[in-house]
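Asks: pasting the sequence and the predicted model now:
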Amino acid sequence: MAYTFNTEDNRSGWEFEHLGSELLEGAKKKEAFRRSRLVWWKEQKDKVMQTIKDSGLEVQESLALQYSSASNNINALRAGHGGAQIVVRNDLQDKLNECHSKIREHESAAIEYNAWVQVFSNNLNKTFKLKQGDWLFFFGE
């Protein structure tokens, strides 16, 4: 008996049904996680900024970058604009860049999960079909 190897796995086509109320809980947990990471990274940035100041250096940050939206921040950085710059110590510059990047990442994700919280809050009894990636988005670690 010959065996034919199927290159397409069935898992990519599987769908799972979940109530909006279940998805709401997942979205709330993910939003809370992202907001906690946002707070942590802002604290790390404050520590790096203090180290920089204690070293007698000055940090120049774009005011526009500080007060614009997360998506605009990402686009500005991709285009090579904005951010904070220190030219004396590269290790401090790297730490500050990492903090800025992580703050934007978690802020953007928190905003996205909050949008899903709003959607599911208004659709608690509706059934939604999820694929594996969708499930991981709301419930994965």
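Replies: Sure thing, it's come through. Numbering: from 1, shown residues only.
Asks: tell me the mean pLDDT for whichever strand or helix holds D46?
Replies: Using DSSP states H and E, D46 maps to helix 20-54. For helix 20-54, mean pLDDT is 94.
Asks: summarise which helices and strands that helix is packed against.
Replies: helix 90-121, strand 127-130, helix 132-139 (3 or more CB pairs under 8 Å, 6 or more residues apart in numbering; DSSP states H and E). Every C-beta, even on glycine, is put in place using the N, C-alpha and C of the backbone.
Asks: give me the distance from the second one to the chain's centre.
Replies: With CA atoms, centre = their mean, to the nearest Å as the basis, the distance from the averaged C-alpha position of strand 127-130 to the chain average is 23 Å.
Asks: quick check: buried residues in that strand?
Replies: F128, L130 (16 or more other CB atoms under 10 Å).
Asks: pLDDT of that strand, averaged?
Replies: Averaging pLDDT along strand 127-130 gives 94.
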